[in-house]
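*Asks:* Coordinates only, no sequence provided:
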Ligand SMILES: Cc1ncc(COP(=O)(O)O)c(C=O)c1O
């Protein structure tokens with residue numbers, strides 16, 4: 001493997017000089033350098049706050065705490081010798097959605113280069129590719145055996161045969177499949193393709209563990225995306241994290257809008273990665289996973305719901321199949337639940353390998369009780 005980042009990143013971006021401001025050098029004193037409003041915010045209830053000031057573009061304290069947590073929580077025993085992650089391995093985005101867009105813009109020349117996605121998967125990769133005039137090629141997940149793993153051999157072959165593909169997106173755990181991708185399969189791709197980056201989207205990783213984030217110090221062609229939107233319960237603040245080898249992380253940081261992470265987001269993010277809140281996150285994940293088992297048991301015990309869930313149980317949702325793949329009934333259940341019972345789940349029956357499937361996010365105990373009851377009533381009504 002002869003990985004050369006310069007060949008992967010678009011030349012203008014590889015050579016980009018980041019935006020610099022006086023605040024990079026001086027942060028204290030009478031600050032009249034950035035055309036802020038020194039008189040403060042106009043709302044009276046914000047008069048004490050620092051919101052009239054631009055936020056810190058670097059967020060080193062948050063990144064360091066996050067890196068420390070990922071170093072500690074690694075579950076790959078055979079990688080204990082790897083160097084620790086530091087703040088220099090991280091770039092922050094306005095949710096993973098911004099990180100997805102950034103990595104596409106950094107690597108793919110519009111109208112020319114391509115990304116590879118593995119359906120059924122998260123649709124934003126294709127949406128961002130389309131917005132950037134980047135073509136999308138597909139290597140489906142293995143759906144016949146219900147495992148929804150990646151076909152790493154076929155994907156590698158496709159990638160090696162098409163030098164215009166610059167990124168391969170893997171969702172682990174998958175959405176809508178809920179299945180974590182086996183690490184050996186991801187490493188196969190990392191070890192056998194050096195003409196682009198393998199992007200592992202780990203939005204749901206804390207619900208099962210086994211993050212690849214630490215491996216960015218081993219594989220320069222790996223990018224791991226995470227978010228505070230799921231396990232941390234902070235979708236509203238919009239904070240996504242990209243882990244990469246330091247050279248690539250430097251480029252991504254140079255490329256981002258300098259003030260993309262707001263002061264309010266940064267404050268909440270920093271609290272989330274304090275030790276006691278990390279413990280709380282882990283405890284909440286444990287409870288949620290117990291609820292997931294209860295919900296699954298109740299739903300799969302019902303008539304017209306297949307016994308076996310689809311995909312995996314590694315995220316904060318489950319995918320169930322209605323009546324051996326009955327899209328018509330599944331769609332009716334979805335619509336009736338939303339319009340008559342006020343319970344909104346997601347119809348996924350048109351996704352590859354997901355015929356007749358509904359995706360149900362695990363709610364609170366009370367919400368799940370309502371869902372279970374309404375689901376049963378709805379199925380009874382529609383099938384009587
Ligand atoms: C696989 C996957 N990646 C990324 C995201 C978006 O995350 P964020 O809220 O950080 O933009 C989602 C949201 O549903 C997701 O399912």
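*Replies:* Arrived safely, thanks for sending. The model shown is predicted, which means the values in this text are computed figures rather than measured ones.
*Asks:* tell me which residues of stretch 340-348 are tucked away?
*Replies:* Neighbour counts over stretch 340-348 (16 or more other C-beta atoms under 10 Å) mark 343, 345, 347-348 as buried. The way it works is simple: take the backbone N, C-alpha and C, and place the C-beta from them, glycine included.
*Asks:* For the residue nearest to residue 19 when sequence neighbours are not counted, give me its contacts.
*Replies:* Closest residue to residue 19 apart from its sequence neighbours, by C-beta to C-beta, 6 or more residues apart in numbering: residue 258 at 5.0 Å. Applying C-beta atoms under 8 Å, 6 or more residues apart in numbering, we find residue 258 in contact with 18-19, 21, 54, 57.
*Asks:* Kindly list the main-chain dihedrals of residue 258?
*Replies:* Backbone torsions for residue 258, taken as degrees, to the nearest 10, come to phi -60, psi -30.
*Asks:* Residue 17 versus that one, what's the distance?
*Replies:* The spacing between residue 258 and residue 17, counted by C-beta to C-beta, to the nearest Å, is 13 Å.
*Asks:* Is residue 93 bridged to anything, and to what?
*Replies:* Beta-bridge pairing for residue 93 (DSSP bridges): residue 240.
*Asks:* Most proximal residue of this protein with respect to the ligand?
*Replies:* Nearest residue of the chain to the ligand: residue 95, at 2.7 Å (C-beta to the nearest ligand atom).
*Asks:* So which of the contacts of residue 258 is the closest to residue 288?
*Replies:* When the contacts of residue 258 are compared for distance to residue 288 (C-beta to C-beta), residue 57 wins out at 33.8 Å.
*Asks:* so that closest one touches residue 254, yeah?
*Replies:* No - taking contacts as C-beta atoms under 8 Å, residue 57 lies outside contact range of residue 254: 10.8 Å.
*Asks:* which other helices and strands contact the longest helix along the chain?
*Replies:* Determined from DSSP state H, the single longest helix within the chain is helix 275-300. Judged by 3 or more C-beta pairs under 8 Å, 6 or more residues apart in numbering; DSSP states H and E, helix 275-300 is in contact with helix 263-272, strand 317-321, helix 365-383.
*Asks:* Of the ones you listed, flag the one that's most buried.
*Replies:* strand 317-321 (a mean of 24; mean count of other C-beta atoms under 10 Å).
*Asks:* Can you name the element that comes right after that strand?
*Replies:* Later in the chain than strand 317-321, the nearest helix or strand by DSSP states H and E is helix 327-340.
*Asks:* Next, the angle from that next one to strand 317-321.
*Replies:* Angle, helix 327-340 to strand 317-321, by axes from the mean of the first three to the mean of the last three C-alpha atoms, to 10 degrees: 130 degrees.
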